[in-house]
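> Model the following, please.
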Amino acid sequence: MSPASPGTDQIDTLLWIGFVATTILIVAVNGALIYALRRYRGTRGAEVREGDTGRGTQLRVGALLTVFAAAIFVVSLVYTGKARETPATVATGLASARSEPLSILVTGQQWLWRYDYPNSAFSYYRLVVPVDTTVELDLVSTDVIHTWDVPQLAGKRDAVPGKTNHVVFRADETGVYEGRSATFSGQAYAAMRTEVEVVSPEEYEDFLKSQRSDIQAAQDRVVGLIESGETP
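Presented below is the predicted three-dimensional model:
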């Protein structure tokens, strides 16, 4: 069985409205048709004046309206049933939308933001996320309260020491979105800015790999200097 498509409840409501309206129309037309038949039978045998074909026309029109109303109802049933099915191309998108969001740890500290990605890569100041993807930020702080605020993507949310708060957003367009400090956290809080760069899924994967590779190379360099006794 195909999964129900979005708006199924609305479709069901429209179907019932159409059913009731069509039923009323059929009852009304048939009522008028029965009334016309009775009048026609009541005058049966009476002399019909030349050109007096009104009753016959009424009967024919009534019958056509009844058939037309029934046809509309049958067609609406067929197309509504099709609308309730999810096209194959949409099913994948729906499954993706219901999947787990991309979770990123965000740490506020005087006076910058650090972003830790799922592959152990991290970045400062700039957060990179894929477009058309639900992103959940886990906000923490190492010192005082900081407020993560990127107005074009989500509302304000505090990073509080000893507590984890969450921000969930989904960007439907690529681009760079600017954020600013929204809570006084010390003398340099005004410089505590951030930006969110929304890129394609392929660019996001490339960023993670490159970032992770650069971090590993820097760590290996520091370890090598320490082991050799040189000053980093």
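
> contacts and neighbour counts: CA atoms only from here.
Fine.

> helix or strand right after the worst-scoring helix or strand of the chain on mean pLDDT?
Ranked by mean pLDDT, DSSP states H and E, the weakest helix or strand in the chain is helix 88-98, scoring a mean of 41. Per DSSP states H and E, the first helix or strand lying C-terminal to helix 88-98 is strand 102-109.

> Grab the CA positions of that following strand and hand them over as CSV.
Extracted C-alpha coordinates of strand 102-109, given in CSV (Å, rounded to 0.1, in the frame of the first residue of the first chain):
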residue,chain,number,x,y,z
LEU,A,102,21.9,16.7,11.1
SER,A,103,23.1,17.3,14.6
ILE,A,104,25.9,19.8,15.2
LEU,A,105,27.4,20.8,18.6
VAL,A,106,27.7,24.6,19.0
THR,A,107,29.9,25.9,21.8
GLY,A,108,29.8,29.6,22.9
GLN,A,109,32.8,31.0,24.6
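
> Identify all contacting residues around the helix or strand that that strand is followed by.
Moving toward the C-terminus from strand 102-109, the next helix or strand (DSSP H and E) is strand 112-116. Applying C-alpha atoms under 8 Å, 6 or more residues apart in numbering, the contact partners of strand 112-116 are 104-108, 122-127, 192-194.

> What of stretch 142-151?
107-110, 155-161, 177-185, 195-196.

> Turn the buried ones among those residues into a named ChimeraX selection, would you?
Typed into ChimeraX, the next command selects the buried ones out of the contacts of stretch 142-151 (criterion: 16 or more other C-alpha atoms under 10 Å):
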select :107,108,109,110,157,158,159,160,161,177,178,179,180,181,182,183,185,195,196
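
> Mind checking what secondary structure residue 221 has?
helix (DSSP: H, G, I helix; E, B strand; the rest coil).

> per-residue pLDDT, it?
The per-residue pLDDT reported for residue 221 equals 81.

> Same check on residue 217?
If you check residue 217, the pLDDT there is 85.

> quick one: it is in a helix?
Yes: assessed by three-state DSSP, residue 217 belongs to a helix.

> Quickly note the distance from it to residue 107.
For residue 217, the distance to residue 107 equals 23 Å [C-alpha to C-alpha, to the nearest Å].
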